[in-house]
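Engineer: Structure here, sequence nowhere to be found:
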């Protein structure tokens, strides 16, 4: 195998994960033998990587024992992802036009800026108590929406505002009408920023939905799964769930990145 | 008439009750067609190896997961089934290998090892492509799941249990967010007296005289205390006396009746005496425990798959009866029965001890504890009750994990199913930190399934949300037992 | 066709007077080079002619009509190319025709014609970032031409190129211009360039910019850079410009 730089980097990435897992296993084994201890922390109950792996495999699918149906991680992932995608789509549909309007027109910008600036600093989780009251179904999609929409709006505004002046001039001298300038110059120019906004927004939305599911009572969802496992004292499943959450967040991120790279070939 | 994709021949459709005909079959063929064409298309674009992986993955998931929950014969279901059927996978696999074979001009790949070596090499060389395929697979699974969830409610739609506090249950039943709840008294009584819901099933109907709350001690406390046996004997005696008091005072013509109602309202957090009366009526207070019934409970917990298998194996118990005998002891209750007429101060402990006591929040089942405490029975026998840190607990699971396992409770009262479950699941067998033993009963029955007015039977709760105090509680086990009788499924 | 007249044009930006009493003319089909020290307002003149900004005083006329608002009959070529990076070469050139509302076939025809004219055959589907500086400017020129303008406004179009490419592009520009003859107003820093390209060289003064001197360059085409006549004219222009440059530097 030839070791060019990219493969070397990949190798180091993998190795660091492996080392971490080995350390994790090692520290726990030592703790359980009584050799190693940290005060105020119940290290003994933290599961080892091996236990976490078994827990992950065991809880991946739905189990049915007589009347008792326990949803698998697979179902929880769908439920959470469904909510994130629905909230994300609504956020995209609302956020991009708002962002373009605020970025392009000074008047609209001045009208909406104060509201946007105040609300965007409220973390999505702060909306949970309100959402529980207002929305009949608990409002988890609303929480995702709040999480996703603000990065989209802010990045869109920035993308629109950073459109090269000269491109606008060029379009004008070529005879483009104002609407054509917006659709054919401003929007394509802002497109990378919009995609970045979507990527960041989905990341925030994913974290928000997990937190929301812990509070909003619904039988499926990764947040609910983790909380439930914690209640049952099944820490291995809990950590397995956390890892799944992290991995899926990561996959969402790079899938959009890959899409960006594939479709936005013109960026230097 | 339909053309068989695999052989190319025309076949006549014979009407069969299981298999829908006409356009549905066409859709199944369409699904198969897609899955055949895709690997051919991709094969021509050099992705054959990955599709072998893809189909293995899909086949695996199909077998494990989708076959668990039955599809209805909606067109969506047919489409998905046809896409995912093993026959399709096999056919596509053959096609992709054929493709590879002609392209690479090698000997036919007839050994599995060759396939895997080739796959590994391809993976090493093409990580980005692999990643895109992985993402594609995930989205395909996601799509399959979405299609699955769009079925109309079928027989197998489960009742959804969601954990919440008693107050939330009453509130949410009122607003209609949940269709019912199963909870210990006094919450059912509160809901009924407020006119929010009606009793559907009493737990006694599910299983007559089932044991509910019990008194248990922590093994670590037992080992580190000298006169623990003497203390436990007296705890059982208080229990006996409290239960006698309550059973007498329950009668409305008893002189202690008002005092009892006051105790009930204080302990249960009630404001309405009518609710207090109602909740007392529904609970049967006892002081002894029953080993055969405990055995039945353990067997049920096992059947429902609530025990973590590795933990059960670690415990070393051979069967339910073995476990029950080791868990419950009646010797303290026997001593209490023999001494029930004795003067309390006469048999008090020589030196007073302090016991950290744990109990459940607003749970009428544990009224005997409160009575014994308020009426000074414990004090007279030389036992000072100090409320354990974290008490009162929101449910038995919490009391087991935070209280007993966390070493903040010496003796406590809680439901017997949490004891049964967490004594195994939450126990660290190298230190046995969740080891408890049951010495006396608290009550039997006393939980009720309360539902909204438009629900007439358990079947009506299918697909709806029902509140319960949490996983590993007796309410969960009882609800599962009720559902089992009617062949329903419950998710938690 | 393409006759540009500036009549006592002045322009003030917030705090400073950029142009004062600028008057000159670009005749039909004439190639006029605008020279001047940095900051004298050459670019402003171009932008006024394009209609991107409006004058404070005086007027501009194109073919007798007053220029009011963005002028669609001018083509503008920028120093930094200003190509749309998300559009291929072909699509960039098609922008003007698309803005006019022409159908796909028409746009195709026009873009093919101009790609051929500027010598970019084979690069139709490349993105701007894949092109060299000279090629990008060819696209810029083609794009401006594709709109069938009467007047071509060029703002130091070869300023970002290296010396060799610059010379090459000057030749290319003349070749294209000979094929499709329109009026050109060409802004530059370089006297050599102005004398090589233009029929007329207009020298501007330092800020506030006015017209200092206008030189006619009556040399035959194709021009020879180093001919005696060219040198004489260049000398005169340099002298005229040199004073202005010193003035501009003093201001700084």
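Structural biologist: Everything's here; your move. These figures come from a predicted structure and were not determined experimentally.
Engineer: C-alpha only now, for contacts and for neighbours.
Structural biologist: OK.
Engineer: which residues sit in contact with residue B:218?
Structural biologist: B:404, B:409-411, B:434-437 (CA atoms under 8 Å, 6 or more residues apart in numbering or on different chains).
Engineer: Now neighbour count and pLDDT too, for these, in TSV please.
Structural biologist: Shown next, in TSV, are the contacts of residue B:218 (neighbours: other CA atoms under 10 Å in any protein chain shown; pLDDT from 0 to 100):
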residue	neighbour count	pLDDT
B:404	28	87
B:409	28	89
B:410	21	90
B:411	27	90
B:434	26	80
B:435	23	85
B:436	27	87
B:437	20	87
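Engineer: Which single one of those is nearest to chain A?
Structural biologist: Relative to chain A, the closest of the contacts of residue B:218 is residue B:434; by CA to the nearest CA it sits at 11.5 Å.
Engineer: which bits of chain C sit near chain A?
Structural biologist: C:50, C:52, C:70-72, C:74-76, C:82-86, C:95-96, C:99-100, C:127-129, C:144, C:147 (CA under 8 Å from any CA of the partner chain).
Engineer: Can you flag which of those belong to strands?
Structural biologist: C:74-76 (DSSP state E).
Engineer: Could you rank those residues by neighbour count and give me the top one?
Structural biologist: residue C:76 (32 neighbours; other CA atoms under 10 Å in any protein chain shown).
Engineer: you'd agree it is up against residue C:150?
Structural biologist: No: counting by CA atoms under 8 Å, residue C:76 stays clear of residue C:150, with 11.2 Å between them.
Engineer: so what does the helix or strand hosting residue C:116 touch, helix or strand wise?
Structural biologist: Using DSSP states H and E, residue C:116 sits in helix C:104-118. Counting contacts by 3 or more CA pairs under 8 Å, 6 or more residues apart in numbering or on different chains; DSSP states H and E, helix C:104-118 is packed against helix C:89-100, helix C:133-146, helix C:163-179.
Engineer: residue ranges with poor pLDDT in chain C?
Structural biologist: Where chain C drops to pLDDT under 70, the residues are C:251-252.
Engineer: what residues does it put near chain B?
Structural biologist: Taking CA under 8 Å from any CA as the criterion, chain C does not approach chain B at any residue.
Engineer: again with chain A
Structural biologist: Counting by CA under 8 Å from any CA, the residues of chain A near chain B are A:61-62, A:65-71, A:75, A:78, A:136-137, A:217-219, A:228, A:231-234, A:251, A:255.
Engineer: Okay, and which of the residues you listed map to strands?
Structural biologist: Short answer: the residues of chain A next to chain B in strands (DSSP E) are A:65, A:68-70.
Engineer: Need the worst-confidence member of the residues you listed.
Structural biologist: Lowest pLDDT among those: residue A:65, with 75.
Engineer: Touching, that one and residue B:304? I think so.
Structural biologist: Yes: at 4.9 Å, residue A:65 and residue B:304 qualify as touching, with contact defined as CA under 8 Å.
Engineer: So for the two, which residue has more residues nearby?
Structural biologist: A count of neighbours by other CA under 10 Å puts residue B:304 above the other of residue A:65 and residue B:304, at 19 against 13.
Engineer: what does the helix or strand hosting residue B:475 contact?
Structural biologist: Applying DSSP H and E as the criterion places residue B:475 in helix B:474-485. Under the contact criterion CA under 8 Å, 6+ apart, helix B:474-485 has outside partners A:66-68, B:182-184, B:203, B:206, B:212, B:300-301, B:415-418, B:447, B:458, B:468-470, B:489-490.
Engineer: Just the mean pLDDT for that helix, thanks.
Structural biologist: Averaging pLDDT residue by residue across helix B:474-485 gives 87.
Engineer: in its sheet, what does whichever helix or strand comes after that helix sit against?
Structural biologist: Sequence-wise, the next helix or strand downstream of helix B:474-485 (DSSP H and E) is strand B:490-491. The sheet places strand B:490-491 alongside strand A:68-70 (parallel), strand B:159-163 (parallel), with pairing taken from DSSP bridges.
Engineer: ok, residue C:190 - contacts?
Structural biologist: residue C:35.
Engineer: Can you tell me how far residue A:200 is from residue A:91?
Structural biologist: Separation of residue A:200 from residue A:91 (CA to CA, to the nearest Å): 12 Å.
Engineer: More neighbours: the two, which one.
Structural biologist: residue A:91 (25 against 21).
Engineer: nearest residue to that one other than its sequence neighbours?
Structural biologist: Leaving aside its chain neighbours, residue A:91 sits nearest to residue A:149 (4.7 Å; criterion: CA to CA, 6 or more residues apart in numbering or on different chains).
Engineer: so when I look at that neighbour, I'm seeing a helix, right?
Structural biologist: Yes: counting by DSSP: H, G, I helix; E, B strand; the rest coil, residue A:149 is located in a helix.
Engineer: residue contacts, it?
Structural biologist: A:88, A:91-92, A:94-95, A:201.
Engineer: Show me just the buried residues among the residues you listed.
Structural biologist: Buried subset of the contacts of residue A:149 (neighbour count, 16 or more other CA atoms under 10 Å in any protein chain shown): A:88, A:91-92, A:95, A:201.
Engineer: right, and out of these, which lies closest to residue C:237?
Structural biologist: For the buried ones among the contacts of residue A:149, the residue nearest residue C:237 by CA to CA is residue A:95; the value is 57.2 Å.
Engineer: circling back to that earlier point, now for residue A:200 and residue A:91: what residues contact both?
Structural biologist: A:148, A:152.
Engineer: pretty sure residue B:179 is touching residue B:173, no?
Structural biologist: Yes: using CA under 8 Å, residue B:179 is in contact with residue B:173, at 6.3 Å.
Engineer: So which of these two has more stuff around it?
Structural biologist: residue B:179 (25 against 22).
Engineer: What about residue 72, how many residues nearby?
Structural biologist: Reading this off chain A. Neighbourhood size, residue A:72 [other CA under 10 Å]: 19.
Engineer: let's do chain C instead
Structural biologist: Residues near residue C:72, counting by other CA under 10 Å: 21.
Engineer: That one and residue A:175 touch, don't they?
Structural biologist: Yes: counting by CA under 8 Å, residue C:72 does reach residue A:175; the two are 5.1 Å apart.
Engineer: Disregarding residues adjacent in the polypeptide, which is nearest to the residue in chain C that chain B sits nearest to?
Structural biologist: At 23.4 Å from chain B, residue C:125 is the closest residue in chain C, using CA to the nearest CA. Leaving aside its chain neighbours, residue C:125 sits nearest to residue C:88 (5.2 Å; criterion: CA to CA, 6+ apart).
Engineer: Next, the contact list for the one you found, please.
Structural biologist: C:124-128.
Engineer: Repeat that for residue C:67.
Structural biologist: C:49, C:51, C:59-61.
Engineer: how near is it to residue C:17?
Structural biologist: 21 Å.
Engineer: And residue B:185, by the same measure?
Structural biologist: 88 Å.
Engineer: Comparing the two, which residue is more hemmed in?
Structural biologist: Set residue B:185 next to residue C:17 and count neighbours by other CA under 10 Å: residue B:185 wins out with 26 against 14.
Engineer: List phi and psi for that one.
Structural biologist: Here is the backbone geometry of residue B:185 (degrees, to the nearest 10): phi -60, psi 150.
Engineer: in terms of contact, does it touch residue B:364 like I think?
Structural biologist: Yes: using CA under 8 Å, residue B:185 is in contact with residue B:364, at 5.5 Å.
Engineer: joint contacts of these two?
Structural biologist: B:279, B:283.
Engineer: ok so, going back, adding distance to residue C:197 and mean neighbour count, write the helices and strands packed on helix C:104-118 out as CSV.
Structural biologist: Shown next, in CSV, are these (distance: least, CA to CA, whole Å; neighbours: other CA atoms under 10 Å in any protein chain shown):
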stretch, distance to residue C:197, mean neighbour count
helix C:89-100, 24, 23
helix C:133-146, 15, 25
helix C:163-179, 7, 15
